[in-house]
Every structure is written in C-alpha cells, then in structure tokens.
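[1] after the sequence you'll find the predicted model.
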Amino acid sequence: KAGVTQTPRYLIKTRGQQVTLSCSPISGHRSVSWYQQTPGQGLQFLFEYFSETQRNKGNFPGRFSGRQFSNSRSEMNVSTLELGDSALYLCASSPGGTDTQYFGPGTRLTVL
Amino acid sequence: AQSVTQPDIHITVSEGASLELRCNYSYGATPYLFWYVQSPGQGLQLLLKYFSGDTLVQGIKGFEAEFKRSQSSFNLRKPSVHWSDAAEYFCAVSGRGSTLGRLYFGRGTQLTVWP
C-alpha cells in the first residue's frame, strides 16, 4: 500500500497570508490527525478527523482549521499567518483513530 | 493529565555499543505506547508499539522495548547500534475516550553514533 502523502512538501508564505496543506491517508484509513512540530514546542496535536467529522482538537487558535472529505483526504488551513507558524506540519492516518498512526513526510512551512 | 517524559535530550554512543533510551509517561488509563524515529527533514517512522499482552515488544531494525507498569516506563533498547541509527527518537502515548486519535509525544532524544 502507498503511504501517507502530503502536498506540498515545502511552502514559503508571508505574514498575513493564508495557506492550505493537503494530506492523503493510506488506503482504507478513515482517521487523519495533524501535528505541528517546532524546535521550541516539539510535536503538538492540532486535530483529528474521522469520517469527515472532527473528533478531537488540540489547543490552537481558531486560525487553524481543517476538514476531511468523503474519500478520507484531509486539508488543514491556517489563516492570517504569523512568523510563529513556521513549522513542519505532519499528518498521520490510522484505520480508526485508536490504532497505530502512520505519518507522512510533512510539509515544511516558512513564514517570512 | 497525559504527558510523556524523555529525560535524555541527547545521547552519544559508539557504533556497536548497546543503547537504551528512556521514556516515562503519565496517563489515566492503560495506555497504548509507541516509539517513532525521525531522520532530518523527514516524517516519523514507527519502530514499535505496545497495546497489551507481552510487555517486551520487538520492533523493526533490531529495536525492542519493555513496558513496566509499576514504573510507568517504556524504554527502548538495541543491543548493537549501527551508524545508520543516528536520528531523533520519540516516545508517544495514546488511548481511548477523550484522547481518541491523539498522540502525546515526548520532546525526543537525539542519538549520535560515533564510528
């Protein structure tokens, strides 16, 4: 089976812009989770979607949002970008959410 | 509250030496436990996991980990380290209920391997 794919792999934006990141899970997986990784804060959970519904959400401002489509693909959106949003954004999929999560390669976002 | 502690930020070992990376967790119920490895600029690769049963679990690349409930620990071990093992290692915990679909990670341990 193909692994988790994320697009784009690299992104450069300026403050105030918005960005959309995409994640395609492993075939058959219905749960997609998103994480932000920074040197200062480590790996932090953003949110998790299962069957197009957000089931769990981390402690991030409302500028961070996501959605999941009927084919389980997921997108996350960050509006009004700030310098501190520069990070590696990782998406992970699992069959049902309580199972093992398999990670994609990440999207490296740089905000200038 | 759920949390994971990896006490060692950076560990250096010689190639061929044994390795133990420490992980302690705080979790209200019986947790699911994981070790992931990350190479620079890459995503996380699963090394091994513990859900239930035998407390000594085997993973890929010759790694193993032991779950000790009494010590709330899940330490990762390898008998003989290879230069290609140099990477960052993350311990993580998850479960059911309110933490569904969410992994709690430690801050990671950076492993350097000397030739």
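    Sure thing, it's come through.

[2] okay, CA-based contacts and neighbour counts for the rest of this
    Fine.

[3] what residues does chain A put near chain B?
    Within chain A, the positions near chain B by CA under 8 Å from any CA of the partner chain are A:31-33, A:42-45, A:47-48, A:55-56, A:90, A:96-98, A:100, A:102-106.

[4] can I get the buried part of the residues you listed as one ChimeraX selection?
    In ChimeraX syntax, the buried subset of the residues of chain A next to chain B is picked out as below (16 or more other CA atoms under 10 Å in any protein chain shown):
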select /A:31,32,33,43,44,45,47,48,55,56,90,96,97,98,100,102,103,104,105,106
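
[5] which non-adjacent residue is nearest residue B:49?
    residue B:34 (4.4 Å; CA to CA, 6 or more residues apart in numbering or on different chains).

[6] verify the stated contact: residue B:24 with residue B:74.
    Yes: here residue B:24 reaches residue B:74: they are 6.4 Å apart, a contact under CA atoms under 8 Å.

[7] neighbour count for these two, which is higher?
    When residue B:24 and residue B:74 are compared for neighbours, residue B:74 comes out ahead with 27 against 20, by other CA atoms under 10 Å in any protein chain shown.

[8] so the more buried one sits in a helix?
    No: Residue B:74 is assigned strand when assessed by DSSP: H, G, I helix; E, B strand; the rest coil, not a helix.

[9] check contacts around it.
    Residue B:74 makes contact with B:22, B:23, B:24, B:25, B:33, B:65, B:66, B:67, B:68, according to CA atoms under 8 Å, 6 or more residues apart in numbering or on different chains.
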